[in-house]
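Asker: Model the following, please.
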Amino acid sequence: MTQPPASSPTVQARDLPALTLWHAGWAVASALLALCGGVFARAEAPVLFAALSMAAPGLAGLTLLWRDGPAPRMTVLGVWTLAACVCSVLSGGAAGALPGLIVMPLAAGLAFGAPRLAMAGAGGSALAAIIGMLAVWLTEPGPLQTDLSQPSLAAGSIVLVAAATALALRGAWLDAARRLDAAEAAMTRIETILSGQPGLTLLLETSGRVVAAYGTPPPALPVDPLFEAGLIAAVHAPDRPAVLSAMERALAGADAQVRFAPRTALDRRVALVLRRMDDAAGMRLIAQAFDATTAWAREVALETQRAEAEAQSTGKTRFLANMSHELRTPLNAVIGFADIMRQRLFGPLPDRYGEYADAIHQAGGHLLDLINDVLDVSKIEADRYQLAIEDFDAREPVSAAMALVRVAAEDKGVELAGVLPAEAVTVAADRRALKQITLNLLSNAVKFTPAGGSITVTVDTIGPYLEVVVSDTGVGVAPEDLKRLGRPFEQAGDAGQRSQGTGLGLSLVRALAELHGGRMSMDSTLGEGSAVTVRLPVVALPTVALPVAGAELQPIG
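Answerer: Residues are numbered from 1 along each chain as shown. From the prediction side, this is the model:
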């Protein structure tokens, strides 16, 4: 047996055993009424059958023990209406021997407790009365038109119906009282839960007036002034537009969050979560308020620390960018004097001093390259690196970079080859930056390619993109190191390989490519070699003039 929940709007909350007991009692009472009418009042057979027919809906009500719900109850009420119609026809209608039994569909509807079923029962009783009147009017005087020669039988039916109706009304009243008590208890539990929560829950009208408040209010948001002046009045004036905007978003159906300073405590913050609620009273808002002072103070502290860190980083970057002249001028002098001594321009030197001059010249050149890379990276980070965009043949800076590293590659026994287009590749880019990109990639390839290896530089165009690829047969990079390369001072390989560079070359290549709106990618296999691809959207596409109009078409490569 399944029972619908008591809160269902279509099924009454009355206990099912009491309802089936009421039906069973009616079945027994109607049977006794028929028995008494036949034994004591000596009623005619149609009247006895009419009384017995009213026992059928009482028995039908017992089926609710096996299946209950809106549809089964409506079916039982239909049996009540049918039995009342049969009884009305057989007993002579409202003026017959059993006038009270016609009212039983209404009593059954009241017993079910649902307003819809009570109205249906009233309609069933009215239908039975009308059918009885029609039956009396259409038939000849005979058994259907019984008189009231046995007033005791009619009185007994009326008393019996009155008792059944009273029991039905009493059960409906008890059910209503029980539902009211259950609703009040549920409301009390909800209010207890809301009152015990750490935050404050407010029921607001669309104007911001507070209707109800539950829970613990934040220290800076007392409840009593909210009922007097409303929520908006408790908000610091500069924060009111944000709160009103959040209320509008919530009324539109979206969840909204906002944080404001209370008008009476500007050093504190309150977080407000708003949501729309539609009920019988109309559209309202549910607002939950929490103390957000600690979180706000933490965010302020983090923001302050971040700003200080950015200021320090910016200061460091600007310092390095502004030290270009101060660092490069004395270093160039050291390299120049060392080169003079190394070439013995002013006379011979002892062999040991000559070796020292070579070492000074080599170390100075290495240091100058490092300083140049650091300064370029610092300028880019400080947004002080300005691209000098011009139109030129991309093969020229690439060939110049290859010429600079060719001697070092030959000294190491590495073959250097270039695959360049036969025709000019006109680009709009920074000539020095493109040369620096190629030079850095070639320098890395020479450093990490052993004797007998090869390096290939490929220049190609793909639509508006210039693609420069430097591939080598060097030591390669492990997969776990590929993700780190391209960031300043990040290196791969063992200690011996890391000692050959600073980790700035690829970082500068990536930065220069991104300044042009391009990107750098790298593929490598450990022990087999690497290929670095730089793709820049700098190719100047040719234009084709239309023969009629003045518009131009730019073909896509």
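Asker: Distance of Leu327 relative to Asp339?
Answerer: Distance, Leu327 to Asp339, by CB to CB, to the nearest Å: 19 Å. For every residue, glycine as well, the C-beta is placed using N, CA and C.
Asker: repeat for Glu248
Answerer: Taking CB to CB, one finds Glu248 at 74 Å from Asp339.
Asker: So for these two, which sits in the more crowded spot?
Answerer: Shown here are Glu248 and Asp339; by other CB atoms under 10 Å, Asp339 has more neighbours (16 against 13).
Asker: which ones are touching that one?
Answerer: Counting by CB atoms under 8 Å, 6 or more residues apart in numbering, Asp339 makes contact with His361.
Asker: Let me know the helix or strand that it is in.
Answerer: For Asp339, the enclosing helix or strand under DSSP states H and E is helix 324-343.
Asker: Would you mind listing the buried residues in that helix?
Answerer: Ser324, Leu327, Leu331, Ile335, Ala338, Asp339, Met341, Arg342 (16 or more other CB atoms under 10 Å).
Asker: Equivalent analysis for stretch 513-520, please.
Answerer: By 16+ other CB under 10 Å, the buried positions in stretch 513-520 come out as Ala513, Leu515, His516, Gly518, Met520.
Asker: from these, which two are the most distant?
Answerer: Put simply, by CB to CB the two of the buried residues of stretch 513-520 set farthest apart are Leu515 and Met520, 11.6 Å from each other.
Asker: if we can go back for a sec, now the buried residues of stretch 513-520 as TSV including distance to Asp267?
Answerer: Listed next are those as TSV, based on distance: CB to CB, whole Å:
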residue	distance to Asp267
Ala513	49
Leu515	45
His516	49
Gly518	50
Met520	49
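Asker: In helices, which of those residues fall?
Answerer: Cross-referencing these against helices under DSSP state H gives Ala513, Leu515.
Asker: and which of the buried residues of stretch 513-520 is nearest Val427?
Answerer: Ranked by distance to Val427 (CB to CB), the buried residues of stretch 513-520 are led by His516 at 9.5 Å.
Asker: returning to what we had before: between the buried residues of stretch 513-520, which sits nearest Gly92?
Answerer: Distances from Gly92 to the buried residues of stretch 513-520, taken by CB to CB, are shortest for Gly518, at 103.4 Å.
Asker: and the closest residue to the closest one other than its chain neighbours, how many neighbours?
Answerer: Leaving aside its chain neighbours, Gly518 sits nearest to Leu536 (3.7 Å; criterion: CB to CB, 6 or more residues apart in numbering). Applying other CB under 10 Å, we find 27 residues neighbouring Leu536.
Asker: Leu536 is in contact with Leu515, isn't it?
Answerer: No - using CB atoms under 8 Å, Leu536 makes no contact with Leu515, being 9.7 Å away.
Asker: Need the pLDDT of Glu390.
Answerer: Note on Glu390: pLDDT of 91.
Asker: Make sure it is indeed in a helix.
Answerer: No - assigned with DSSP: H, G, I helix; E, B strand; the rest coil, Glu390 falls outside any helix and is strand.
Asker: Make sure it is actually in contact with Ala433.
Answerer: No - under the criterion of CB under 8 Å, Glu390 is not in contact with Ala433, lying 11.0 Å apart.
Asker: who has more neighbours, those two?
Answerer: Taking other CB under 10 Å, Glu390 and Ala433 do not tie; Ala433 has more neighbours (23 against 10).
Asker: residues contacting that one?
Answerer: Leu387, Leu512, Leu515, His516.
Asker: helix or strand for it, which one?
Answerer: Under the assignment here (DSSP H and E), Ala433 is part of helix 431-447.
Asker: Give me the spatial nearest neighbour of Leu442, chain neighbours excluded.
Answerer: Here the residue nearest Leu442, using CB to CB, 6+ apart, is Val405, at 4.5 Å.
Asker: give the contact list for the one you found.
Answerer: By CB under 8 Å, 6+ apart, the residues touching Val405 are Leu416, Leu439, Leu442, Ser443, Val446.
Asker: PyMOL command for the buried members of these?
Answerer: A single PyMOL command is used to select the members of these judged buried by 16+ other CB under 10 Å:
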select buried, resi 416+439+442+443+446
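Asker: Now render the contacts of Val405 as a markdown table, adding pLDDT.
Answerer: Supplementary listing: the contacts of Val405 in a markdown table, determined by pLDDT from 0 to 100:
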| residue | pLDDT |
| --- | --- |
| Leu416 | 91 |
| Leu439 | 86 |
| Leu442 | 89 |
| Ser443 | 86 |
| Val446 | 89 |
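Asker: now, the most widely separated pair of the contacts of Val405?
Answerer: Between any two of the contacts of Val405, the greatest separation by CB to CB is 12.5 Å, found for Leu416 and Leu439.
Asker: What residues does Leu367 make contact with?
Answerer: Counting by CB under 8 Å, 6+ apart, Leu367 touches Leu331.
Asker: State the helix or strand in which it lies.
Answerer: With DSSP H and E as the test, Leu367 turns up in helix 351-381.
Asker: now do Asp460
Answerer: Counting by DSSP H and E, Asp460 is found in strand 454-462.
Asker: Check the offset of stretch 17-31 from the chain's centre.
Answerer: Computed by CA atoms, centre = their mean, to the nearest Å, the separation of stretch 17-31 from the middle of its chain amounts to 57 Å.
Asker: what mean pLDDT does that stretch have?
Answerer: For stretch 17-31, the per-residue pLDDT averages 79.
Asker: For that stretch, output the C-alpha coordinates as PDB.
Answerer: Taking Å, rounded to 0.1, in the frame of the first residue of the first chain, the C-alpha atoms of stretch 17-31 are listed here in PDB:
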ATOM      1  CA  PRO A  17      -7.500   4.100   8.600                       C
ATOM      2  CA  ALA A  18     -10.000   6.700   9.900                       C
ATOM      3  CA  LEU A  19     -11.300   7.300   6.400                       C
ATOM      4  CA  THR A  20     -11.700   3.600   5.700                       C
ATOM      5  CA  LEU A  21     -13.300   3.100   9.100                       C
ATOM      6  CA  TRP A  22     -15.900   5.800   8.200                       C
ATOM      7  CA  HIS A  23     -16.700   4.000   4.900                       C
ATOM      8  CA  ALA A  24     -17.000   0.700   6.700                       C
ATOM      9  CA  GLY A  25     -19.300   2.200   9.300                       C
ATOM     10  CA  TRP A  26     -21.500   3.700   6.700                       C
ATOM     11  CA  ALA A  27     -21.800   0.300   4.800                       C
ATOM     12  CA  VAL A  28     -22.900  -1.400   8.000                       C
ATOM     13  CA  ALA A  29     -25.300   1.500   8.900                       C
ATOM     14  CA  SER A  30     -27.000   1.500   5.400                       C
ATOM     15  CA  ALA A  31     -27.400  -2.300   5.600                       C
END
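Asker: Please consider this matter closed, and thank you.
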